[in-house]
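Student: Could you look at this predicted model? Sequence included:
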Amino acid sequence: MLPRMSDPNLGKRAAARAAADLVQSGMKLGLGSGSTFLFALERLAERIRSNKLQIVGVPTSNGTADAARRLGVPITTLDEVERLDLAIDGADEIDGNKAMIKGGGAALVREKIVAAAAKEMIVVVDSGKLVAVLGRKFLLPVEVLPFGWKQTQRAVAATGCTVARRQLQDQSPLVTDNGSFILDCKYDGIGEPARLHARLCSLPGVVDCGLFVGMAGRVFVGAADGAVRILP
């Protein structure tokens, strides 16, 4: 008998599904972006089909909107709702104070707007995303306007990082759903996320950065064996 192959996605799938099970009928949800959130979206679709769950979601990216339509999850826009009950999303890194780096999928601006509109942001991660200090492994994305982007890049680099504009495989620049560029920034570590966030977002040409500080509510952490713990 061949040995059973372990599932590398078991932790994040378990965390995402557990978070999706918090959702109650009548809720208005922020729908995150990325591979981890897709597991939550799939679980919501299952509950809509099997339990007649009645919800509506605000997607944080065109990709999430397409996936929601495909799975049969009703969607709307922030212009149509005043307040969201929950936002569910993943994170690229999260520290002990629940400060996060997000934006690996280039949806950081819409993710932040949607999270800010929610009564609580539920974060779903696997245990490998927990870090002592942000930015030592994962690059910090900064979304910038295309106009004068090289000038903006120099200003961002002056905050103490090395910077590269994110590109597609054909070497053309990645363009976000907002029509912006992403600068990926390598820091030796981000010991004061709130201070760096304020500095970056004050620079002309910067739309926003991937630091999420003081926004996370409960954090669902999935282990490699599928167990889930909740950080309050």
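Tutor: Received, thanks.
Student: so what does the helix or strand where residue 70 lies touch, helix or strand wise?
Tutor: Assigning secondary structure by DSSP states H and E places residue 70 in helix 62-71. Secondary-structure packing of helix 62-71 (3 or more C-beta pairs under 8 Å, 6 or more residues apart in numbering; DSSP states H and E): helix 35-51, strand 56-59. Heads up, the C-betas are built off the backbone N, CA and C, glycines and all.
Student: can you rerun that using 10 Å?
Tutor: Packed against helix 62-71, as judged by 3 or more C-beta pairs under 10 Å, 6 or more residues apart in numbering; DSSP states H and E, are the following elements: strand 28-31, helix 35-51, strand 56-59, helix 108-116.
Student: Can you tell me what sits against it?
Tutor: Outside helix 62-71, the residues that touch it by C-beta atoms under 10 Å, 6 or more residues apart in numbering are 30-34, 37-38, 41-42, 44-46, 48-49, 56-59, 61, 73-75, 77, 89, 105-107, 110-111, 114, 176-177.
Student: how is this protein carved up into domains?
Tutor: Following the assignment in automatic domain parsing, the chain carries domains at 11-129+213-222, 140-208.
Student: on that earlier part again, the helix holding residue 70: how far from the chain's middle?
Tutor: Mean C-alpha position of helix 62-71 versus that of the full chain (C-alpha atoms, centre = their mean, to the nearest Å) differs by 16 Å.
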